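> Generate coordinates for the sequence data below:
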Amino acid sequence: MPFTPKIRLILNCTALMLIIAALGYRITGDAAHEYIGFSACIALFLHNLANLRWYCSIFKGRYNIRRFTRAALNISLACAGITLLCAAAVSSRSLFNLGFDGGILARQIHATAAYWLFALAALHMGIHLPKRIFCPSTPTAKFLLSIIILAIYALGIYAWEERSMGEKLFSGYTFDFWDDSVPAIYFFAYNLSIFLCLAISAAIADKSFNKILNNSAKNHNHKP
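Numbers count the residues shown, from 1 in each chain. Here you go, the predicted model:
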């Protein structure tokens with residue numbers, strides 16, 4: 001199966017939607033959550049399959065700070081995915097149903113791994129965004145881009161606090177609660193805004209870091 005750029009884009013967008021949908025356990029219910037989560041794992045597996053060349057080259061070539069950081073991020077993301085899937089298998093009630101209950105610990109590990117996967121996937125996507133997205137060609141486009149980014153950050157920061165993401169990443173909460181009186185669309189909008197906020201931050205940081213490294217290399221080459 002050839003992974004053309006169009007297929008990669010569709011696959012990545014599908015994985016993003018499934019990851020965000022899988023976080024809505026309290027909204028979708030147990031059975032739907034497991035099938036959505038398993039579908040997200042399949043999408044992520046295909047994403048890794050499409051980028052198998054990276055794994056084959058991980059021990060080749062020289063490492064600088066930027067390559068080491070990216071490798072650490074990718075490996076952490078893979079570990080989060082494996083942990084999530086293993087914890088899901090032992091606590092599954094619908095899809096796997098292995099005949100035993102992993103208990104509260106397995107569910108807590110599963111939930112924590114899920115949110116780390118969410119955050120790391122956002123950072124991963126951010127550093128791979130085309131840098132031309134942040135280089136609009138006209139003043140009007142630049143102004144609109146600034147407004148959009150500010151809006152995403154405003155909603156993302158609010159959603160981060162509202163959804164208590166810090167506590168979720170460090171096992172402060174075992175389960176995720178959602179007020180049924182609030183429309184479900186807000187839940188997914190909050191999580192999407194957090195994801196985009198993290199992705200944009202990673203993209204900006206990666207672009208700035210790359211610029212610093214390039215300037216450092218130029219200054220080194222121009223030394224007498």
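
> burial count for Ser164?
When counting by other CB atoms under 10 Å, one arrives at 13 neighbours for Ser164. (Each C-beta comes from the backbone N, C-alpha and C, glycine too.)

> And for Ser57?
Using other CB under 10 Å, Ser57 is surrounded by 9 other residues.

> same question, His110
Look at His110: counted by other CB under 10 Å, it has 23 neighbours.

> Now the one helix or strand it maps to: average pLDDT?
Secondary structure assignment for His110, by DSSP states H and E: helix 103-127. This predicted structure assigns helix 103-127 an average pLDDT of 90.

> residue contacts, the closest residue to Phe195 other than its chain neighbours?
Counting by CB to CB, 6 or more residues apart in numbering, Ala122 is the residue found nearest to Phe195 once chain neighbours are left out, at 4.6 Å. Residues touching Ala122, when contacts are defined by CB atoms under 8 Å, 6 or more residues apart in numbering, comprise 194-199, 202.

> From Ser57, how far off is Ala122?
Ala122 sits 24 Å away from Ser57, going by CB to CB, to the nearest Å.

> likewise Ile204?
Distance, Ile204 to Ser57, by CB to CB: 27 Å.

> what about Arg53, how many neighbours?
The burial count assigned to Arg53 is 8, neighbours taken as other CB under 10 Å.

> secondary structure element for it?
Assigned by DSSP H and E, Arg53 belongs to helix 52-56.

> which parts of the helix holding His110 are buried?
Judged by neighbour count (16 or more other CB atoms under 10 Å), helix 103-127 contains these buried residues: 106-127.

> Could you do stretch 197-208 as well?
Taking 16+ other CB under 10 Å as the criterion, stretch 197-208 shows 197-200, 202-203, 206-207 as buried.

> what number of residues lie near the nearest residue to Gly103 once chain neighbours are set aside?
With CB to CB, 6+ apart as the measure, Ser91 is the residue that lies nearest to Gly103, at 7.7 Å, once sequence neighbours are left out. By the measure other CB under 10 Å, the count of residues near Ser91 is 22.

> hang on, isn't Ser91 packed against Ala106?
Yes - in this structure Ser91 lies within contact range of Ala106 using CB atoms under 8 Å: 4.2 Å.

> Now Arg62: phi and psi?
Arg62 adopts backbone torsions of phi -90, psi 150, taken as degrees, to the nearest 10.

> mind checking how far it is from Ala72?
Distance of Arg62 to Ala72, given as CB to CB: 16 Å.

> How far off centre is the longest helix seen in the chain?
If you go by DSSP state H, the chain has its longest helix at helix 184-221. Mean-position distance between helix 184-221 and its chain equals 12 Å (CA atoms, centre = their mean, to the nearest Å).

> helices or strands up against it?
Under the contact definition 3 or more CB pairs under 8 Å, 6 or more residues apart in numbering; DSSP states H and E, helix 184-221 sits against helix 5-22, helix 65-91, helix 103-127, helix 139-162.

> Low-confidence stretches in the protein?
Scanning the chain with the threshold set as pLDDT under 70 gives 1, 97-102, 171-175, 213, 216-224.
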